[in-house]
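Asker: Build me a structure from this.
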Amino acid sequence: MKPAQFVSALLLLGGAVCAQQPAGDVHVLRVQGGIYMVVGGGGNIAVQAGKDGILLVDTGLTELAPKVLAAVRTISDGPVRYILNTHVHADHTGGNEYFVKQGGALNGVPGEPRVIAHLAVQERMAGPPVGNDAPMPRSLWPNDTYSTPFKDFFFNNEPVFVYHAPAAHTDGDSIVLFRRSDVVSTGDIFTPGRYPFIDLQRGGSVQGLIAGLNKILELAVPARYQEGGTYIIPGHGRLCDEADVVEFRDMVTIIRDRVQDSIKKGMTLEQVKSARPSFDYDTQYSGSADAFVESIYKSLKR
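Answerer: You can find the predicted model right below:
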């Protein structure tokens, strides 16, 4: 049985709902330790719940925030005290304002939740819109940024590490490790079952994406036969383990190497697309192979 099939089988046997749900059909999946996964509200949302309250990794789409909160309330009725944003995109940050308005005391002091993100996320939100995007309102911005390689703190009797992955999916990506629960939340650096989106306009790059995937693998430890152990909550898609990330990292690396070799031969972008460097993966991954190849080509040429 392939690793992805093994994990899916475990989830189904446990009565859990598959993470691939229609938009707006919000469900909760127990992962392990104090960590849950909310799916269907936009990007996947990790929830840590305990005696100190609730921590969210990402908040989903704006319009689905009430449904996400209703799902979170099936886990805990405690206050939301921390929100961690893995990157700037609206399907991961759109619910920030809604959850901040819910309030949540921290260390006995009433107030808004701390919204943590890398400084690049705040700079992107505060800067000029990209393309046809609308400006991001200030109510969505983080109120606690970091600019160091990582940030750590203790919450619900668990060390939480937030690692910056430079120039990966975007320039402000964060990978979140719940050390006691042994769960990693990756944002859109890792999206099993579909080709990654490298947001070149917001500082993403293929080399940074591969480095980010390698960081996830550095944090993850499998159990027996490369299955189980550390569980990985991706930006979109099913719950995974280390073996799934290895397959995804290898796919990105192999296609990167093929495109790089074509560039060395002097091939144009259209020639590279026509050569179909992703052909043997196109049946395994959804999304536009051409767009993925183009982003790799432009990233390497840049």
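Asker: secondary structure class for Pro192?
Answerer: What DSSP: H, G, I helix; E, B strand; the rest coil gives for Pro192 is coil.
Asker: measure the nearest residue to it once chain neighbours are set aside to Lys273 for me?
Answerer: The spatially closest residue to Pro192, leaving aside those adjacent along the chain, is Gly237, at 4.5 Å (CB to CB, 6 or more residues apart in numbering). No exception for glycine: its C-beta is placed from N, CA and C like everyone else's. Counting by CB to CB, to the nearest Å, the gap from Gly237 to Lys273 is 25 Å.
Asker: confidence score at Gly94?
Answerer: Reading off the confidence values, Gly94 has pLDDT 96.
Asker: ok, and for the top strand by length along the chain, which residues are buried?
Answerer: Looking across the chain with DSSP state E, the single longest strand is strand 158-165. Neighbour counts over strand 158-165 (16 or more other CB atoms under 10 Å) mark 158, 160-165 as buried.
Asker: Identify the farthest-apart pair in those residues.
Answerer: Glu158 and Ala165 (21.4 Å; CB to CB).
Asker: hmm, back to that, list the pairing partners of the longest strand of the chain within its sheet, with orientation.
Answerer: Strand pairing for strand 158-165, using DSSP bridges, gives strand 150-155 (antiparallel), strand 173-178 (antiparallel).
Asker: Which one of those lies nearest to Asp244?
Answerer: strand 173-178 (15.2 Å).
Asker: so Leu217 sits right up against Glu247, yeah?
Answerer: No: with contact defined as CB atoms under 8 Å, Leu217 does not count as touching Glu247 (11.1 Å).
Asker: Number of residues surrounding Arg138?
Answerer: Per other CB atoms under 10 Å, the neighbour tally for Arg138 reads 9.
Asker: repeat for Thr59
Answerer: 31.
Asker: What pLDDT is listed against it?
Answerer: Per-residue pLDDT puts Thr59 at 97.
Asker: repeat for the one 3 residues further on
Answerer: In this model, Thr62 is scored at 95, pLDDT.
Asker: begin at 12 from here
Answerer: Taking 12 as the first residue, the last one we looked at is Thr73.
Asker: Just to check, it is in contact with Gly105?
Answerer: Yes: assessed by CB under 8 Å, Thr73 is found in contact with Gly105 at 3.7 Å.
Asker: Show me where the stretch 212-313 of the chain has its strands.
Answerer: For the stretch 212-313 of the chain, strands defined by DSSP state E, counting those that start in this stretch occupy the ranges 242-244.
Asker: picking up where we left off before, Thr73 and Gly105: who's more crowded?
Answerer: Comparing Thr73 with Gly105 by neighbour count (other CB under 10 Å), the higher total belongs to Gly105, at 23 against 17.
Asker: quick one, phi/psi of that one?
Answerer: In this entry, Gly105 is assigned phi and psi values of phi -60, psi -30 (degrees, to the nearest 10).
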